[in-house]
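[1] Next comes the sequence, and after it the predicted model I'd like to discuss.
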Amino acid sequence: MNIGFFLKKIRKEKHFTLNEVAKSTNLTASLLSQIENDKTSPSLNSLEVLLKYYKVNISDFFKQVEQKSHIFIRAAEKETLVNSSAGVKLSLLASKLENNVLESFSVFLSPDSSITVARLKPDISGERFLYMMSGVAAVKLNEDNEYRVSPGDSLNFKSYVACVIKNDSRTEACEFLLTGNPPILI
């Protein structure tokens, strides 16, 4: 656990010096420095004193400490969801961070298949991004905008925009990357 790292982060966000915190909590600046640099662990009492001084709830603090800062997924480890009857294969790409604001998928559409992108409420200021890797697809935004998207083409749109991606080819599959605010697909 990176308790020291997060204590230092909180202290700096609140613009406190080590000496200010030491003076107000009756802990030494030396001890605080050792804790922040993970050279020693704080006692439960010291941790409670610090969090009270910083006005941070202990359970909220530990949620932050335990949350991963990044995820690396090897190609062989990615989760893939297949719906053969719909002609859709989705591979989740590093979308496993807690409280993430970005989901990423590799989407494979068989000929004559389609997928609908989730439409979020207009008050959510999120975005979606599509990058075509192979094949060609028709992308319909709302009811009035339609694009032919080819390999190398990209499309960025707000998450409140209705979107349907259709592989209207009768012979060629298409594959694209799709990222944005969760949930992306319905």
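    Sure, I can see it.
[2] C-alpha only now, for contacts and for neighbours.
    OK.
[3] For residue 70, give me the pLDDT.
    As predicted, residue 70 sits at a pLDDT of 74.
[4] Pull the number of nearby residues for it.
    Residues lying near residue 70 (other Cα atoms under 10 Å) number 10.
[5] With residue 171 instead?
    9.
[6] now what about the helix-or-strand element of the chain with minimal mean pLDDT, what contacts it?
    Counting by mean pLDDT, DSSP states H and E, the chain has its least confident helix or strand at helix 58-66, which shows a mean of 78. Applying Cα atoms under 8 Å, 6 or more residues apart in numbering, the contact partners of helix 58-66 are 1, 2, 3, 6, 48, 51.
[7] ditto for stretch 37-49
    2, 3, 4, 5, 25, 27, 34, 35, 58.
[8] Am I right that the third one sits in a helix?
    Yes - assigned with DSSP: H, G, I helix; E, B strand; the rest coil, residue 4 falls within a helix.
[9] Please report how far residue 93 lies from residue 77.
    10 Å (Cα to Cα, to the nearest Å).
[10] Name the nearest of the contacts of stretch 37-49 relative to residue 73.
    Comparing the contacts of stretch 37-49 against residue 73 with Cα to Cα places residue 2 closest, at 22.1 Å.
[11] For this structure, give me the ranges with low pLDDT.
    Applying pLDDT under 70 to the chain flags residues 1, 66-69, 94-100, 186.
[12] What segments of it are helices?
    For the chain, the helices defined by DSSP state H cover 3-13, 18-25, 29-36, 44-54, 58-66.
[13] and residue 121, which of the ones you listed is closest to it?
    Using Cα to Cα, these put helix 58-66 closest to residue 121, at 27.6 Å.
[14] Could you chop this protein up by domain?
    The record's domain parsing of the chain by automatic domain parsing lists 3-66, 75-180.
[15] Mind listing what's buried along stretch 10-17?
    Residues 10, 11 are the ones in stretch 10-17 that count as buried (16 or more other Cα atoms under 10 Å).
[16] Just the residues contacting that stretch, thanks.
    Stretch 10-17 is contacted from outside by residue 54, using Cα under 8 Å, 6+ apart.
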